[in-house]
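>>> Provide a 3D model corresponding to the input given below.
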Amino acid sequence: MYTLNSQLPVPIYPFERDEVTGSKLFTVLRSEGELTYEENLLIPHRKAYYLLVFVKHNRGRHWVDMKSYERKDNTLYFSTPNQILVKEAATPFWGTRLTFTNEFLALQQNATIRELPLIQNPQNGHELLLTPTDGVFVEEMLAKIEAEYNRPGEWQHRMLTAYLTVLFTYLSRLYTEQFTGDEPSADKRLLTTYQAKVEEHFRALHEVGAYASMLHISAGHLSEVVKVQSGKPAIKHLHERLVLEAKRLLFYTPLALKEIAFDLGFSDASYFNRFFKRETGATPAEYRTNIRKMYQ
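Numbers count the residues shown, from 1 in each chain. From the prediction side, this is the model:
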């Protein structure tokens, strides 16, 4: 089952409670070559939860936003809530799937987990390549997690938190090796905070000054720090986020251009048209035609 966003025709799949264990915040499921029906196959959709999949063996292709991934053996794939996902085909799968919610990460005992690079995903990565040694370690930890998950009792939550902390810490070390980035300074953290605020409010707030007020600093200081840390002006981050969402909607939905403009906070569809062309070199209509031809 899924629910529809009141504005967008892209379905949002909520977290589904495990019917066996009753878990409402976290699930683990291992597969040994099963080929199962998936109701969201070929359907662009969002998930209202985190998804981590360890692929021991599988073939096929899936999309995260506008990027495609040809699945590889001994690889970890992961996504965060509300990204647009598409899986192209159902194929036999060997591996383990973890799902968990924002509420799970908000639990006090999971405070360490939610701050790890793998979960924060500052580099917007979605594929983590594992060496054979890494694969053995990850598979062993997942087996421990699965065993504890299916063993209810007063110590279950503590054991799960301990195992997950070890696993996600190990994967976060690999993440920082594959997606390079320095230990964040105060200015780097400000950039990250600004980007998070843009992600949360880009539909409603289109001016850098509004974000500066939210962060209790001047627009000039915010713009200067963001430019130094990222190499591009603060307004460019905002414009790129609007363009990304516009591209998602143009590619994945049948919404009229005027509806897309209004959904993104543009009161004037003609201004949205000029904005999109200025940023991409094509009008929204031209982009929609060209991108759909490319993937037919």
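>>> all contacts plus neighbour counts: C-alpha atoms, from now on.
Noted.
>>> give me phi/psi at residue 107?
phi -60, psi 140 (degrees, to the nearest 10).
>>> my bad, should have said residue 87
phi -110, psi 130.
>>> Number of residues surrounding the closest residue to it other than its chain neighbours?
Nearest residue to residue 87, sequence neighbours excluded (Cα to Cα, 6 or more residues apart in numbering): residue 62, at 4.3 Å. Using other Cα atoms under 10 Å, residue 62 has 17 other residues around it.
>>> low pLDDT regions in this protein?
The model of the chain has pLDDT under 70 over residues 1-9, 36-39, 42, 66, 181-184, 294-296.
>>> Tell me which residue is most central in it.
Centroid-nearest residue in the chain, with Cα atoms, centre = their mean: residue 80, separated by 2.9 Å.
>>> from memory that one sits against residue 50, does it?
Yes - here residue 80 lies in contact with residue 50, judged by Cα atoms under 8 Å, at a distance of 4.8 Å.
>>> can you give me the helices for the protein?
102-106, 111-114, 117-120, 132-149, 156-178, 186-201, 208-214, 219-230, 234-252, 257-263, 269-280, 284-294 (DSSP state H).
>>> Make CSV out of these and add mean neighbour count.
Listed next are the helices of the chain as CSV, based on neighbours: other Cα atoms under 10 Å:
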stretch, mean neighbour count
helix 102-106, 15
helix 111-114, 16
helix 117-120, 19
helix 132-149, 16
helix 156-178, 17
helix 186-201, 16
helix 208-214, 17
helix 219-230, 16
helix 234-252, 19
helix 257-263, 18
helix 269-280, 16
helix 284-294, 14
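>>> mind giving me a markdown table with these and columns for distance to residue 22?
As requested, the helices of the chain are exported to a markdown table (distance: least, Cα to Cα, whole Å):
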| stretch | distance to residue 22 |
| --- | --- |
| helix 102-106 | 14 |
| helix 111-114 | 22 |
| helix 117-120 | 24 |
| helix 132-149 | 11 |
| helix 156-178 | 14 |
| helix 186-201 | 31 |
| helix 208-214 | 39 |
| helix 219-230 | 44 |
| helix 234-252 | 34 |
| helix 257-263 | 37 |
| helix 269-280 | 46 |
| helix 284-294 | 42 |
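>>> Looking at those helices, which is nearest to residue 54?
Nearest of those to residue 54, taken as Cα to Cα: helix 132-149 at 8.1 Å.
>>> tell me what the closest one is packed against?
Judged by 3 or more Cα pairs under 8 Å, 6 or more residues apart in numbering; DSSP states H and E, the packing partners of helix 132-149 are strand 26-34, helix 156-178.
>>> Any chance you could list what contacts the longest one?
Meaning helix 156-178. 109-110, 112-113, 116-118, 128, 138, 141, 144-145, 148-149 (Cα atoms under 8 Å, 6 or more residues apart in numbering).
>>> which of these lies closest to residue 180?
residue 117 (11.1 Å).
>>> Look up how far residue 176 lies from that closest one.
7 Å (Cα to Cα, to the nearest Å).
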